[in-house]
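>>> Below: sequence and its predicted model.
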Amino acid sequence: QVQLVESGGGLVQAGDSLRLSCAVSGHPVSTYVNGWFRQAPGKDHEFVAAISWSNEETYYRDSVRGRFTVSRDNAKNTVYLQMNGLKAEDSAAYYCAQSSEPYAVLITTKTAYGFWGQGTQVTVSS
């Protein structure tokens, strides 16, 4: 059984940093694409960042590129999202997700991710 458990969310002020963690069990993070999505109230999930199984290729949405960094620790089977320079518009529930198949191509479409965590709330006050 695959489980993804996020942690690290919270209430911070604009300009602060947070690091989200996603502990994965059941699938090795080194052979799947691991991504982060977020969902603000009344909106659909939007892609934030992802890291490929291959050469640790990463990809970010434009609004977070340069501020957020996605990484993984294969030994801990954990994926991270380091968020610096947080803005009020970053406030949302953040979800980690894993591709439906191993060795998948890194894409940003929500439907390509078949395994999801329960989410962790990030609130940034301005």
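Done, it's in. Residues are numbered from 1 along each chain as shown.
>>> Kindly provide the distance from the residue most central in space within the chain to G10.
For the chain, W36 is the residue whose C-alpha lies nearest the centre (C-alpha atoms, centre = their mean; 2.2 Å). For W36, the distance to G10 equals 16 Å [C-beta to C-beta, to the nearest Å]. (Glycine included, C-beta is placed from N, CA and C.)
>>> that older thread, with adjacent residues omitted, what lies nearest to the residue nearest to the centre of the chain?
With sequence-adjacent residues excluded and distances taken as C-beta to C-beta, 6 or more residues apart in numbering, W36 is closest to V48, at 4.3 Å.
>>> Pull the contacting residues for the one you found.
Shown in contact with V48 (C-beta atoms under 8 Å, 6 or more residues apart in numbering): G35, W36, F37, R38, Y60, R61, V64, F68, L81, Y94.
>>> Assumed it was part of a helix.
No: membership of V48 in a helix is not supported by DSSP: H, G, I helix; E, B strand; the rest coil, which gives strand.
>>> what bits of the chain have low per-residue confidence?
Within the chain, no stretch has pLDDT under 70.
>>> Do a quick rundown of the strands in it.
Using DSSP state E, the strands of the chain run over 3-7, 10-13, 18-25, 34-39, 46-51, 58-60, 68-73, 78-83, 92-99, 113-116, 120-125.
>>> pretty sure M83 contacts S21?
No: using C-beta atoms under 8 Å as the test, M83 is too far from S21 to be in contact (11.8 Å).
>>> Compare those two (neighbour count), which wins?
Taking neighbours as other C-beta atoms under 10 Å, M83 and S21 compare with M83 leading, 26 against 17.
>>> Give the bridge partners for that one, please.
Listed beta-bridge partners, M83: L18, F68 (assigned using DSSP bridges).
>>> residue contacts, it?
For M83, the contact set (C-beta under 8 Å, 6+ apart) comprises S17, L18, R19, L20, V64, R67, F68, D90, V122.
>>> picking that back up, can you tell me which two in the contacts of V48 are farthest apart?
The largest separation in the contacts of V48, counting by C-beta to C-beta, is between Y60 and Y94 at 13.8 Å.
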